[in-house]
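Asks: I would like to see how this sequence folds:
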Amino acid sequence: MIAVLRQRNFALLWFGGLVSMTGDWVLYIALPYHVYNLTGSALSTGLMFVVETLPSVLMGSVAGVFVDRWNRKHIMIVTNILQGLCLLSLFFVKSVEWLWVVYLVSFVESMISRFFYPAENALLPNLVSEKQLIVANSLNELNNNLAMLIGPAIGGALLGIWGLNSVILFDSASFFFAAIMIAFIAWYPLQRSSQGVFLENEEMEKKERLGLRSVLHEWLAGLQLLKTNRMVIAVFVSAGIANLGEAILVVLLIPFVNILHGGAILLGWMLTIRGLGGLLGGFVIGKVGDSLRPTIIYSLSLCIIGILGLIMYNIPVFYVALVCLFLIGIPAMGAGVGSLTLFQGNVIDPFRGRVWGAWITISSLVTILGQVGASILGDRVGIIPMLNIAGTLYVISGLVAFLMIARSVPDSVAHKK
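Replies: Here you go, the predicted model:
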C-alpha cells in the first residue's frame, strides 16, 4: 500500500478525495438535521435524499459519454469547483420559506457529481500499473470509511458551535482543495478523435467512426459494449442483485434498531462499528490484494456479507449486531474493490466512462426499486423476513458472480488499454 501511495499522481488524487469525502460527511450529517429542525417533518427531510438520487437515474449513463469525450482530469477539476460554488447558495436557507434552495442545491450538486465519479474511476487505471489496481482501489474505498469516522464528528461540532454556515464553508473548501490536488496531477491523455478513441489506433477508429459521430451514437455504442462484454454483464447482474439487498437494508435499518430496543445512540454505534470494519478491510485487501484474483475477492465477499447479515437479523441481540457489522465491513471493502477492479481491467479506456455511467444509472434504479419495495412490504411481510430476503440476495449475488465470472473469464485484462 505504501508503494502505491508513494506514486505522486495517485497520492494527490487519494488525499484530495479524502478531504473532499470528509467534507461530504460533514454536510451529510448537518444538513438533514438542519432541515428537520426547520420543518419538524421526516418527509421533508427524506425528500432531500430522493432529490439527490434522481440525477443518478437521469444523467448517470449520459454523463459517461462526455467523460469518454473530454479530458478526465479537467472534468474532475471543474466539477469540484462547481460543487464548491454551488454549496455556497445554502447560506440563504434561514427559514422554511427558503427550503426549496436545499432541494435545488442537492439536485444540482448531485447532477454535477455524476460527471466526477465516472471520470475518477476511468482515470485511475492510467495512474497506477495493472498489478497495483486492486491496492489503489482499496485505498480509494478506504477513504470513505475514514471520512465516515471523521466527518460526522466534525459536522456535529461545527453545527453545534458555529451553526450551518460553518459546515457549508468546510464542505465547500474541501471541494476547492480537491480541485487543487487534482490540478497538480501530471497526466495528459493521448490525443483522441472527436469520438473519444485513440488516434494512434487506426483500426479501431475506422471501425467506430460511423457509429460514434454524435453523443447519441456514443451512448448507444457504450450500451452495445455492455451487451457483448461478458465480464461487465456478470458484474452488472451480480452487483445489481446485491444493491437490491442493500436498498432493503437501508430502509429497514431503523426498524431493526427498534427490534434491538435501541435508539439514535445505538444507530450511531452501528455506523461507527461498520466504518471501523471497513478500515480493517481496506488494510486487509491492500495487503493480500496482489495475491488473490479479483473474481475470488468479489464473489466471496458478497457471500460473506449475506451470511453475516442473516446471522445478525435472526439473532437480534445488540452485541451480536455490533460484531456482525464490524465483520461485514471487511468483505464490504472486498466487494467494492473487486467490482471496481473488474470494471477497470475489462473495459478499454475510451469506454470506461460510459460503462461506469451506465452502472450508476442501473444501480440507482435498483436502489429505488428496493427502497420502495421495502417501504411497502416491511409492515405487511415483517421486518425480519424482509431483512432475510436482503441477506439472501447478497448470498445469491456472490454465487452468481462466481458462476458468471470466476468459471468463465480469467482475471487478465480482456481488452487491453
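
Asks: Report the separation between P255 and G378.
Replies: Applying Cβ to Cβ, to the nearest Å, the value for P255 to G378 is 7 Å. Yep, even glycine has a C-beta here, placed from its N, CA and C like the rest.

Asks: tell me the SS of V347?
Replies: Assigned with DSSP: H, G, I helix; E, B strand; the rest coil, V347 falls in the coil class.

Asks: going forward can the numbers begin at 10, since that is how I track them
Replies: Sure thing, new numbering starts at 10, so read that last one as V356.

Asks: helices or strands next to the longest helix seen in the chain in the packing?
Replies: The longest helix of the chain (DSSP state H) is helix 17-48. Judged by 3 or more Cβ pairs under 8 Å, 6 or more residues apart in numbering; DSSP states H and E, helix 17-48 is in contact with helix 11-14, helix 51-78, helix 108-132, helix 142-171, helix 173-192.

Asks: Please name the residues that touch the closest residue to A344 other than its chain neighbours.
Replies: Using Cβ to Cβ, 6 or more residues apart in numbering and skipping residues adjacent in sequence, the residue nearest A344 is S310, 4.0 Å away. Residues near S310 by Cβ atoms under 8 Å, 6 or more residues apart in numbering: 340-344, 347, 407.

Asks: which other residues reach stretch 149-158?
Replies: So stretch 149-158 is contacted by 23, 26-27, 30-31, 33-34, 133, 280-281, 284-285, 287-288, 290-292, 294-295, 338, 342, 345-346, 349 (Cβ under 8 Å, 6+ apart).

Asks: Just the C-alpha atoms of that stretch, please, in PDB.
Replies: The C-alpha coordinates for stretch 149-158 follow below in PDB (Å, rounded to 0.1, in the frame of the first residue of the first chain):
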ATOM      1  CA  ASN A 149      -9.900   4.800  -2.500                       C
ATOM      2  CA  GLU A 150     -12.500   2.700  -0.700                       C
ATOM      3  CA  LEU A 151     -10.600   3.200   2.500                       C
ATOM      4  CA  ASN A 152     -11.200   7.000   2.000                       C
ATOM      5  CA  ASN A 153     -14.900   6.700   2.500                       C
ATOM      6  CA  ASN A 154     -14.500   4.700   5.700                       C
ATOM      7  CA  LEU A 155     -12.000   7.200   7.100                       C
ATOM      8  CA  ALA A 156     -14.300  10.100   6.200                       C
ATOM      9  CA  MET A 157     -17.300   8.200   7.800                       C
ATOM     10  CA  LEU A 158     -15.400   8.200  11.100                       C
END
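
Asks: starting at the chain centroid, how far to that stretch?
Replies: Relative to the chain's own centre, stretch 149-158 is displaced by 11 Å; criterion: Cα atoms, centre = their mean, to the nearest Å.

Asks: go on, stretch 110-119?
Replies: Chain-centre distance of stretch 110-119: 19 Å, with Cα atoms, centre = their mean.

Asks: in that stretch, what's buried?
Replies: Neighbour counts using 16 or more other Cβ atoms under 10 Å place 111-112, 114-119 of stretch 110-119 among the buried residues.

Asks: swap in stretch 315-328?
Replies: Buried, per 16+ other Cβ under 10 Å, within stretch 315-328: 315-322, 325.

Asks: Mean confidence (pLDDT) on that stretch, please.
Replies: Mean pLDDT, stretch 315-328: 93.

Asks: Please enumerate residues in contact with that stretch?
Replies: 254, 258, 265, 268-271, 275, 329-330, 333-334, 336-337, 340, 393, 396-397, 399-407.

Asks: Any chance of a ChimeraX selection covering the buried ones in those?
Replies: Restricted to buried positions by 16+ other Cβ under 10 Å, the ChimeraX selection for the contacts of stretch 315-328 reads:
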select :254,258,265,269,271,275,330,333,334,336,337,340,396,397,399,400,401,402,403,404,405,406,407
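
Asks: for the stretch 310-426 of the chain, what are the low-confidence residue spans?
Replies: 357-363, 365-366, 415-426 (pLDDT under 70).

Asks: wait, the stretch 60-209 of the chain
Replies: 69-71, 73-74, 161, 196-209.

Asks: now with 90?
Replies: For the stretch 60-209 of the chain, applying pLDDT under 90 flags the ranges 60-83, 98-116, 118-174, 176, 194-209.

Asks: Among the buried residues of stretch 315-328, which lie within strands?
Replies: If you go by DSSP state E, the buried residues of stretch 315-328 have nothing in strands.
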